[in-house]
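Visitor: quick one, fold the following:
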Amino acid sequence: MNNRAPSDGQHLFINETATATVRNTIFHGGCDALNPAHVEDLATFDVDCSLVEGGAAAISGDGTLLYGPNNFDSDPRFCDPGTCEATEPIGEYTLDAGSPAAPGAGSCGLVGAYPVACGVTSA
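Guide: Numbering: from 1, shown residues only. The predicted model follows:
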């Protein structure tokens, strides 16, 4: 959230022959990010059980994308996220009780780093 990368930014950039294996992660809401991830020609991005804003189509590059069946694209419903207008990264990124990333909402358990910490807020 609120990632600031003013020129050609992504949440994750995978270069050279690297492989990034990602599980139970939220890629959502970058302020200046062009897309959730960029995968260079010889690189591999293996992602599953994650919330990926824009889905597989939003991931750029000519590398190998292993996009698992348990990924989803929806509002993560954070309790009180910051805004891109803020000059400092602020906000409460725990999950709303109605979040699709909350434990029990899908088959992957908790998606993201923070637990449910507020009741259902307006979506």
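Visitor: burial measure for residue 107, as a count.
Guide: 8 (other C-beta atoms under 10 Å). Using the backbone N, CA and C atoms, a C-beta is placed for each residue, glycine as well.
Visitor: meant to ask about residue 112
Guide: Neighbours of residue 112 (other C-beta under 10 Å): 20.
Visitor: so it: helix, strand or coil?
Guide: coil (DSSP: H, G, I helix; E, B strand; the rest coil).
Visitor: could you report the pLDDT at the closest residue in space to it that isn't next to it in sequence?
Guide: Among residues not flanking residue 112 along the chain, residue 26 sits closest, at 4.3 Å (C-beta to C-beta, 6 or more residues apart in numbering). Per-residue pLDDT puts residue 26 at 94.
Visitor: can you name the residues bridging to residue 26?
Guide: For residue 26, the beta-bridge partners are residue 51 (DSSP bridges).
Visitor: contacting residues around it?
Guide: With contact set as C-beta atoms under 8 Å, 6 or more residues apart in numbering, residue 26 has these partners: 1, 50-51, 76, 101, 111-112.
Visitor: go on, residue 95?
Guide: Residues counted as contacts of residue 95 (C-beta under 8 Å, 6+ apart) are 76-79, 101-102, 112, 114-118.
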